[in-house]
Every structure is written in C-alpha cells, then in structure tokens.
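>>> My questions concern the predicted model and sequence given below.
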Amino acid sequence: MQLAGRRAVVTGSNSGIGLGIARELARAGASVVINSFTDAPGDHALAAELATETGADVRYVQADMSRPDQCRALIGQVGGCDILVNNAGIQHVARIEEFPVEKWDAIIAINLSSAFHTTAAALPGMYAAGWGRVINIASAHGLTASPYKSAYIAAKHGIVGLTRTTALEAAGKGITCNAICPGYVLTPIVEKQIPDQMKTHNMDRETVIKQVMLARQPSGEFATVEQMGGTAVFLCSDAAAQITGTTISVDGGWTAL
C-alpha cells in the first residue's frame, strides 16, 4: 500500500489504459477518481466495482476533456490531487489534405490541451504539499511517426514537450513529471479491431496480430493495461523520485528500431 493517503485523478479512465492505471493505483492504496465525458450509470457502477475489488476509495467524476473549463473544474471539484494521470485521448486517421478540421481540433484539444489545463489546475496544490506526480500518457507516436495520423502524432509529440517543461518548472519542489509511451496495448478497442483485420487481410488471428498489428513491435507481443498501471505505480514511488522530464517506452522495442 505504498500510495496510501495519496489522491489520484486519471482522465479518460472508464476503459482501456486509463482503467488499467486507475486499478493499479487503487491496488497500491491511492484514492482514485476515474473520469470520462459520458456520466452513464455504468461509469458510477465501474467505480463502485473498483472500490470493492481494491478496498480503495474510488469514485467517478464526469468532465469533458475537450473543454478547458471542465478540465480545470475537474481538479477543483475533487479537491486537488497528489497524482495526476493525463490519459484522455481520441484518434482519427486520414491524409493531411483530407483531414477534417473538426477532427484535428478535437484531437489536439483532448489529447494535448486537456493535459495542459489539468496540470495547470493541479500544480498549485502539489506545490503547497511539497509532493506530486504528473504522468502523461503519450505514445510510441510521441517519439516517432506514421502516415495518416497527423493530429494524433502532433498531439503526442506535444505531450512529450509539455512533460519536459512541466518537469523543469517543478524541479526541486518534490514533484516529478514523466510520460509513458506505449506501443500497441491489448485494450478492448484494439481487441475489436482484430476480426476486421483478419477479414481485410484474409489471415487467421495469430498471423494478423504478428504480421499486421505488431509489425513495428519487435517483441511480437501486445503490452497490457496491467503493465501500464505497474509503470505508473513505479513512477509514483520513492524509487522514481529522481526520474523526471523523461519518457518511459513500453512498446516492445518499437522505438529502438
């Protein structure tokens, strides 16, 4: 229970990587706020299930990460936090000349600007406490690029830059800021893509995973949400107190190529 007494906020955390991180933080003893824009009964039920599973204080708070006012209000509404995990994100794929302006704006707002607003709202409380952890979920695409993902890649590169600037401004105040850069992670969204890829490429499940989806991931294996959560817990630990302003790649060797 190394994080007992710590308060954590994880944005975009009612599924996938965000939920995996929230679960591991709760297992480590932190009280956790999970978040999305939906505010459905299932969101509150999920928080209750996590609380029962982990024995931690877990609650759901709605906030739309595309809106700066709601990003900042989220931190105020929960009374500040010791641990902030900026995970909210969306994706759209298209050629630059065909990329819808509204999709570009939404991706930059949710994937990048939301992290700026939540961090700006959380830092004063962390400064006052003399302790804090900001963890930004970037991507292998925050360190490299692929075609047709201009907005996502621009946002994730921006997250890496924001991470470094936050770390420098908070240095010497007991606060660290780092970015986790996942490769392909086996989330429910990725799982749902596998049958479509099998049909498109006329391949069986194992072949499409190895030769199509994980073609750039030398390990040939998906990362897991539990591994993302474990990495986040480590970054919150005393062992990581001097790790700040850097990127932690959890990508099976993708960015080593």
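Now that the structure is in, tell me what you want to look at. Numbering: from 1, shown residues only.
>>> contacting residues for the nearest residue to Glu226 once chain neighbours are set aside?
Nearest residue to Glu226 in three dimensions, chain neighbours excluded: Gly20, at 5.9 Å (C-beta to C-beta, 6 or more residues apart in numbering). For every residue, glycine as well, the C-beta is placed using N, CA and C. For Gly20, the contacting residues are Thr224, Val225, Glu226, Met228, Gly229, by C-beta atoms under 8 Å, 6 or more residues apart in numbering.
>>> Buried subset of those residues, written for ChimeraX?
Restricted to buried positions by 16 or more other C-beta atoms under 10 Å, the ChimeraX selection for those reads:
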select :224,225,228,229
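>>> Report the separation between the residue nearest to Glu226 and Gly245.
From Gly20 over to Gly245 the distance is 24 Å, taken as C-beta to C-beta, to the nearest Å.
>>> do the same with Val190
Taking C-beta to C-beta as the measure, Val190 falls 29 Å from Gly245.
>>> residue nearest the centroid of this protein?
Asn87 (2.5 Å; C-alpha atoms, centre = their mean).
>>> list the helices and strands the strand or helix carrying Thr118 packs on?
Per DSSP states H and E: Thr118 is located in helix 114-129. Secondary-structure packing of helix 114-129 (3 or more C-beta pairs under 8 Å, 6 or more residues apart in numbering; DSSP states H and E): helix 68-77, strand 83-86, strand 132-137, helix 150-170, strand 175-182.
>>> What is the burial count for the residue lying closest to Gln62 once chain neighbours are set aside?
With sequence-adjacent residues excluded and distances taken as C-beta to C-beta, 6+ apart, Gln62 is closest to Asp39, at 3.7 Å. Using other C-beta atoms under 10 Å, Asp39 is surrounded by 15 other residues.
>>> Is it correct that Asp39 is in contact with Ala63?
No - judged on C-beta atoms under 8 Å, Asp39 makes no contact with Ala63 at a distance of 9.1 Å.
>>> Using PDB, list the CA coordinates for stretch 144-153.
Extracted in PDB, the C-alpha atoms of stretch 144-153 (Å, rounded to 0.1, in the frame of the first residue of the first chain):
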ATOM      1  CA  THR A 144       8.300   8.600 -33.900                       C
ATOM      2  CA  ALA A 145       5.700   8.900 -36.700                       C
ATOM      3  CA  SER A 146       3.400   7.100 -39.100                       C
ATOM      4  CA  PRO A 147       1.400   8.300 -42.100                       C
ATOM      5  CA  TYR A 148      -2.200   9.400 -41.900                       C
ATOM      6  CA  LYS A 149      -2.100  10.200 -38.100                       C
ATOM      7  CA  SER A 150      -1.000  13.800 -38.300                       C
ATOM      8  CA  ALA A 151      -3.200  15.200 -35.400                       C
ATOM      9  CA  TYR A 152      -2.500  12.300 -33.100                       C
ATOM     10  CA  ILE A 153       1.200  12.400 -33.700                       C
END
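>>> lowest-pLDDT helix or strand in this structure?
Using mean pLDDT, DSSP states H and E, helix 188-201 stands out as the lowest-scoring helix or strand of the chain, at a mean of 91.
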